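Undergrad: Fold the following for me, if possible:
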Amino acid sequence: MKPYSGLYNTSALPHHIINILLIIFLVMISTSTITAQTFNCSHQQQIPESKCTALVAIFNATNGADWHHNDGWLRKTTPCDWYGVTCRNSNVERLEIPDNNLTGTIPVEMGSLELLNRLNLAGNNLIGTIPAEIGNLDFMIQLNLSNNNLDGTISPELGQLINLERLELANNYLEGGIPVELGNLRKLNRLNLQSNNLSGTLPPIIGNLVFLADLRLNDNAFSGKLPSEIGNLSNLTRLELQNNTFVGVLPTSVGNWAALQDLRLSNNRFSGELPSEIGNLSNLTRLELQNNSFSGSLPDSIGNFTNLQTLRFSTNNFSGEIPFEIGNLNNITRLELQNNSFSGSLPDSIGDLTNLTDLRISNNNFSGVIPEGFGQLNQLTRLEMQFNNFEGEIPASIGNLINLQQLDLRNNFLSGNVPISLMNLTQLTESRLRLDNNCLRIEDAELFVFVYTLNENWNRDQVSNCDVSE
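TA: You can find the predicted model right below:
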């Protein structure tokens, strides 16, 4: 290689200058290759040598040379200036190197950083188990190892981190149960174990974590009934248990979750009626119970959910009429009740839900006429009422729903003329208008073209087999 041949004429330089430049170049090359052998922790004075040795071990165990950012590591003799390292009073206080292409395992030397209070290695490619030695980090406040490829069980030694406020191990391959020792973490306000292979029942000691505000155990293989002690978590604002195999009824102690804003229990095997105490959760903004085996009618106390924005009760065994109090949910934007056994007429109060954008009540046993108040739901983009027993005419006020992109009324007992106002629904797209398998007729030619263009299953003569007076 001709060094800098395009910039300098080296032949014009004295030999000693060339030699100096060559030495500088070689030093630069050698220092750009980072190896543990080139760094001696005894040559630095910033932190105790044992802490420096632990950092070097972490670097080597996780292929530090290929990190996205490794500024200063094993180059500078000031470890507190290494990327992601924060020191205080000559000790390592924080190690935060998320999303940095760490590969390999977490070394046992991590346990030597006794004064560490924040460890964030999330979003890397770490493998292997969580070393028990992390349990030595008595001052730890936040521990985040999420979004890696860690396996094995959750170390019981983590229960020794009694100052821990946040524990995040989500999106790994951890297995086994929640060790009872985690019940010692009484300062914990966030526990995120979602998206692992964890199993077993929730230990009653979960009720010890009374400062928990955020608990996410979703997308695992947990089973069994919820312990009544879970009701002790009165500071919860978010609880995600969806996509497990929990069974049984909800304990009445859920009524203690008055601060809860987000409750997701979908895709489990819960059963039985909803406890009336659920009405105490007046701060809820999201309630998802779909794909379980809940039964019985909706409690009138559902009207207390005045802050609710999303309610998803689809694919259960709910029955009975929709309580009039549902009209109190004036902040709701998404209401899903499909695939149940609800019956009776829809309450007129449903027309008060003027912020609704998505209403799905298909595959039930609803009957009676479509309330005229539906015309007030002018924010709706999706309305699904198919496979019920609705009768009577489609109200002309349905033409007020000018934001509708999908309207499905098929397989009911609707009759009479399709209202001309339907042509106001210009946002409907092909195959998103379904009126077939009713006893409807269209007399206006322009309306017929509009309907047939969007619904090829429409048959002008479908009314011929219906027992409808002319």
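Undergrad: any chance you could map the strands in the stretch 301-450 of the chain?
TA: Shown for the stretch 301-450 of the chain, the strands assigned by DSSP state E, counting those that start in this stretch span residues 310-312, 317-320, 334-336, 341-344, 358-360, 365-368, 382-384, 389-392, 406-408, 413-417, 433-434, 439-441.
Undergrad: out of those, deepest packed?
TA: strand 433-434 (a mean of 22; mean count of other CB atoms under 10 Å). Every C-beta, even on glycine, is put in place using the N, C-alpha and C of the backbone.
Undergrad: Can you list the strands that it pairs with?
TA: strand 406-408 (parallel) (DSSP bridges).
Undergrad: re earlier: TSV please, covering the strands of the stretch 301-450 of the chain and showing mean pLDDT.
TA: Shown next, in TSV, are the strands of the stretch 301-450 of the chain (pLDDT from 0 to 100):
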stretch	mean pLDDT
strand 310-312	98
strand 317-320	98
strand 334-336	98
strand 341-344	98
strand 358-360	98
strand 365-368	98
strand 382-384	97
strand 389-392	98
strand 406-408	96
strand 413-417	96
strand 433-434	94
strand 439-441	94
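Undergrad: Would you convert these into TSV that also reports distance to Asn256?
TA: Shown next, in TSV, are these (distance: least, CB to CB, whole Å):
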stretch	distance to Asn256
strand 310-312	21
strand 317-320	24
strand 334-336	26
strand 341-344	29
strand 358-360	31
strand 365-368	34
strand 382-384	35
strand 389-392	40
strand 406-408	39
strand 413-417	45
strand 433-434	44
strand 439-441	50
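Undergrad: among the ones you listed, which is nearest Val85?
TA: strand 310-312 (42.1 Å; CB to CB).
Undergrad: partners of that closest one in the sheet?
TA: strand 286-288 (parallel), strand 334-336 (parallel).
Undergrad: Can you say which of the strands of the stretch 301-450 of the chain is nearest to Thr129?
TA: strand 310-312 (37.1 Å).
Undergrad: What is the burial count for Gln142?
TA: 16 (other CB atoms under 10 Å).
Undergrad: Ser431 now?
TA: Ser431, neighbours per other CB under 10 Å, totals 11.
Undergrad: do the same with the one 5 residues further on
TA: Asp436 sits with 18 neighbouring residues when counted by other CB under 10 Å.
Undergrad: so it makes contact with Leu414?
TA: No - distance between Asp436 and Leu414: 10.6 Å, which falls outside the contact criterion (CB atoms under 8 Å).
Undergrad: For the chain, just list every one of the helices.
TA: 15-32, 49-61, 445-454 (DSSP state H).
Undergrad: Return the helix or strand in this structure with minimum mean pLDDT.
TA: helix 15-32 (a mean of 47; mean pLDDT, DSSP states H and E).
Undergrad: now stretch 350-369: how far from the chain's centre is it?
TA: A distance of 26 Å separates the centroid of the chain from that of stretch 350-369, by CA atoms, centre = their mean, to the nearest Å.
Undergrad: which residues touch the most centrally placed residue in the chain?
TA: With distances taken as CA atoms, centre = their mean, Glu240 lies nearest the centre of the chain, 7.9 Å away. Applying CB atoms under 8 Å, 6 or more residues apart in numbering, we find Glu240 in contact with 194, 215-218, 262, 264.
Undergrad: Swap in 7 Å and give it another go.
TA: 194, 216-218, 264 (CB atoms under 7 Å, 6 or more residues apart in numbering).
Undergrad: May I ask which of those has the most neighbours?
TA: Leu217 (24 neighbours).
Undergrad: can I assume that one is in contact with Asn192?
TA: No - using CB atoms under 7 Å, Leu217 is not in contact with Asn192, being 8.5 Å away.
Undergrad: Looking at per-residue confidence, what score does Leu284 get?
TA: We have a pLDDT of 98 for Leu284.
Undergrad: and the gap between it and Val254?
TA: 11 Å (CB to CB, to the nearest Å).
Undergrad: coming back round to it: now, the contacts of Glu240 that are in strands?
TA: 216, 264 (DSSP state E).
Undergrad: Make a markdown table from the contacts of Glu240 and add distance to Leu158 and pLDDT to it.
TA: Formatted as a markdown table, the contacts of Glu240 follow (distance: CB to CB, whole Å; pLDDT from 0 to 100):
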| residue | distance to Leu158 | pLDDT |
| --- | --- | --- |
| Gln194 | 17 | 98 |
| Arg216 | 17 | 98 |
| Leu217 | 16 | 98 |
| Asn218 | 20 | 98 |
| Arg264 | 25 | 98 |
